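> Kindly return the folded structure for what I paste below:
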Amino acid sequence: MSTFPSNSASTAPDHPTALVVGATGIAGSALCRLLVEQGWRVLGLSRSGGTPVDGVEPVSADLTDPTALERALAGHEPTHVFLTAWIRQPTEAENIEVNGALVRDLLGAVRGAGSVRHVALLTGLKHYLGPFEAYGQGEMPDSPFHEDEPRLPYDNFYYAQEDELFAAAERDGFAWSVHRAHTIIGHAVGNAMNMGQTLAAYAALCREAGRPFVFPGSETQWNGLVDMTDAGINAEQMVWAATTPEAADTAFNIANGDVFRWRWLWPRLADRLGVAWEGYADAPRPLEEQIAAWDDAEGTWSRIAERDGLVEPDLSRVASWWHTDSDLGRDVECLTDMTRSRERGFTAYRSTPHAFEALLDLLEEQRVVPRPGSAG
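Okay, the predicted model is just below:
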């Protein structure tokens, strides 16, 4: 089942060259796939220099090394830059320093070519919820979140990245867009923020151990309304904004367009994953704590991987417990308003249940996770 229905209104401009920064991540690989399908020349920048998408020209560089960036990008003339990468640091001060510099140095490295027409930056709902160190705390805007909400009174690396983007756009004369995604579900082994893949791996461990698929989050998330962002629809909006004059110099929320409650979706995921389930009961039961309490979850995964021929025996490269706990443990309602992009012509939509189904089909097909029924 394809995660990229051909409902995007965007078409590639004449002789376009896209530079996708973070090409091996959830958002970056989806962007690469869509751009190749639309006929772009695509440069995929990552530290490893690898790319999961045929037709992408790999570019290897350390995003924290300005000299390496300039050397790697010398001779390339990208017309459009898509920034989907960040590097997690121990503190928000370090996040600001490293990830602000990442944007500044990358845009400095492509400046000499004089070819860039548009830069699209991917951020997220921490714009409204606060950074990790103050996440969901203090005064926040009411949901659904609107793009014109003032910044929160906390230091935030998303704000630092935006400021670097705005300064470079004013200096160099290119258009920009910012894309504030909710939790992105998609396919990327080794990605640090990967709920769909994490839940699939958790279900496989539950099946193997004969344990229930326990909702790890808060009562608010279990009972409240929420939305999500499929990697495919995020890619469509970023390409749409990069090629639509009416979308220039604007920040957009991006979500699937439907809403759901976890108490409704969790049993359906459990059924698809072939595992018994438990919902919220009295208090959150975070995945990190659940996995830590199990007897050798990493060894269990390694045995599953060997038995079922999975591509990645290292559980830490498949599941990101901390990030899923962060999203599902929030004690605040999280919904985004999509009016701004709708009014400017972006009308793509995803069914979140169908997006999960498509992702699980792909993960099983590519042997990232085992199919239900393989335990034994």
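
> how far does stretch 132-143 sit from the chain's center?
Counting by Cα atoms, centre = their mean, to the nearest Å, stretch 132-143 is centred 20 Å from the centre of its parent chain.

> can you pull the buried residues of it?
Under the neighbour-count criterion of 16 or more other Cβ atoms under 10 Å, stretch 132-143 has 132, 134, 136, 140, 143 buried. For every residue, glycine as well, the C-beta is placed using N, CA and C.

> Ends of that stretch, what's the gap?
End-to-end distance of stretch 132-143 (Cα to Cα, to the nearest Å): 19 Å.

> Identify all contacting residues around it.
91-92, 95, 126, 128-130, 149, 152-154, 326, 330-336 (Cβ atoms under 8 Å, 6 or more residues apart in numbering).

> Got a quick PyMOL command for the buried subset of those?
To isolate the buried subset of those in PyMOL, counting by 16+ other Cβ under 10 Å, use the following:
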select buried, resi 92+95+126+128+129+130+152+154+326+330+332+334+335+336
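
> Give me the below-cutoff pLDDT ranges for the stretch 51-200 of the chain.
Across the stretch 51-200 of the chain, residues meeting the criterion (pLDDT under 70) sit at 136, 190-192.

> where exactly do the strands run in it?
With DSSP state E, counting those that start in this stretch as the criterion, the stretch 51-200 of the chain has strands at 56-60, 80-83, 118-124, 175-181, 184-185.

> Please identify the helix or strand for the residue nearest to residue 366 when sequence neighbours are not counted.
Of all residues not flanking residue 366 in the chain, residue 311 sits nearest, at 6.8 Å (Cβ to Cβ, 6 or more residues apart in numbering). Secondary structure assignment for residue 311, by DSSP states H and E: no helix or strand.

> Quick check: which ranges of the stretch 251-376 of the chain have low pLDDT?
374-376.

> where do the strands sit along it?
260-261, 277-278.

> For the ones you listed, give me TSV that also has mean neighbour count and distance to residue 293.
Output for these, formatted as TSV (neighbours: other Cβ atoms under 10 Å; distance: least, Cβ to Cβ, whole Å):
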stretch	mean neighbour count	distance to residue 293
strand 260-261	15	27
strand 277-278	15	15
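
> Can I get those in JSON lines including distance to residue 16?
Formatted as JSON lines, those follow (distance: least, Cβ to Cβ, whole Å):
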{"stretch": "strand 260-261", "distance to residue 16": "36"}
{"stretch": "strand 277-278", "distance to residue 16": "46"}
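
> Of all these, which one comes closest to residue 371?
strand 277-278 (18.1 Å; Cβ to Cβ).

> I'd like to know which elements that closest one is packed against.
Strand 277-278 is packed against strand 213-214, helix 262-273, with contacts defined by 3 or more Cβ pairs under 8 Å, 6 or more residues apart in numbering; DSSP states H and E.

> right, and these - which one's nearest residue 160?
helix 262-273 (32.0 Å).

> Check the gap between the residue lying closest to residue 313 once chain neighbours are set aside and residue 199 for me.
Leaving aside its chain neighbours, residue 313 sits nearest to residue 305 (4.0 Å; criterion: Cβ to Cβ, 6+ apart). Distance, residue 305 to residue 199, using Cβ to Cβ, to the nearest Å: 17 Å.

> can you check residue 300 too?
Counting by Cβ to Cβ, the gap from residue 300 to residue 199 is 17 Å.

> One more: residue 57?
Noted for residue 57: a distance of 33 Å to residue 199, by Cβ to Cβ.

> didn't residue 252 look like it was pressed against residue 145?
No. Residue 252 lies out of contact with residue 145 (Cβ atoms under 8 Å); the separation is 11.7 Å.

> Which one's more surrounded, the two?
Set side by side, residue 252 and residue 145 show more neighbours around residue 252, with 23 against 20, by other Cβ atoms under 10 Å.

> related to what we said a few turns ago, compare neighbour counts for residue 305 and residue 199 and give me the winner.
Neighbour totals were compared for residue 305 and residue 199, and residue 199 leads with 25 against 21 (other Cβ under 10 Å).

> And the biggest helix by length in the chain, what does it pack against?
Ranked by residue count and defined by DSSP state H, the top helix of the chain is helix 92-111. Counting contacts by 3+ Cβ pairs under 8 Å, 6+ apart, helix 92-111 packs against helix 66-73, strand 80-83, helix 157-172.

> Apply 10 Å and report the result again.
strand 17-21, helix 66-73, strand 80-83, strand 118-124, helix 157-172 (3 or more Cβ pairs under 10 Å, 6 or more residues apart in numbering; DSSP states H and E).

> Nearest to residue 258, out of the ones you listed?
Comparing the helices and strands packed on helix 92-111 by Cβ to Cβ, strand 118-124 comes nearest, at 18.6 Å.

> Next, name the residue at the spatial heart of the protein.
residue 184 (4.1 Å; Cα atoms, centre = their mean).

> I'd assumed residue 237 was in contact with that one.
No. Assessed by Cβ atoms under 10 Å, residue 184 is found out of contact with residue 237, at 11.8 Å.

> where do the contact lists of those two overlap?
Shared contacts of residue 184 and residue 237, defined by Cβ atoms under 10 Å, 6 or more residues apart in numbering, are found at 122, 229, 254-255.

> need the residues you listed in JSON lines with neighbour count, can you?
Below are the shared contacts of residue 184 and residue 237 laid out as JSON lines (neighbours: other Cβ atoms under 10 Å):
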{"residue": "122", "neighbour count": "28"}
{"residue": "229", "neighbour count": "29"}
{"residue": "254", "neighbour count": "26"}
{"residue": "255", "neighbour count": "30"}
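
> Looking at those residues, which is nearest residue 286?
residue 229 (22.4 Å).

> How many neighbouring residues does the nearest residue to residue 55 once chain neighbours are set aside have?
Of all residues not flanking residue 55 in the chain, residue 36 sits nearest, at 4.1 Å (Cβ to Cβ, 6+ apart). The local packing of residue 36 (other Cβ under 10 Å) involves 18 other residues.
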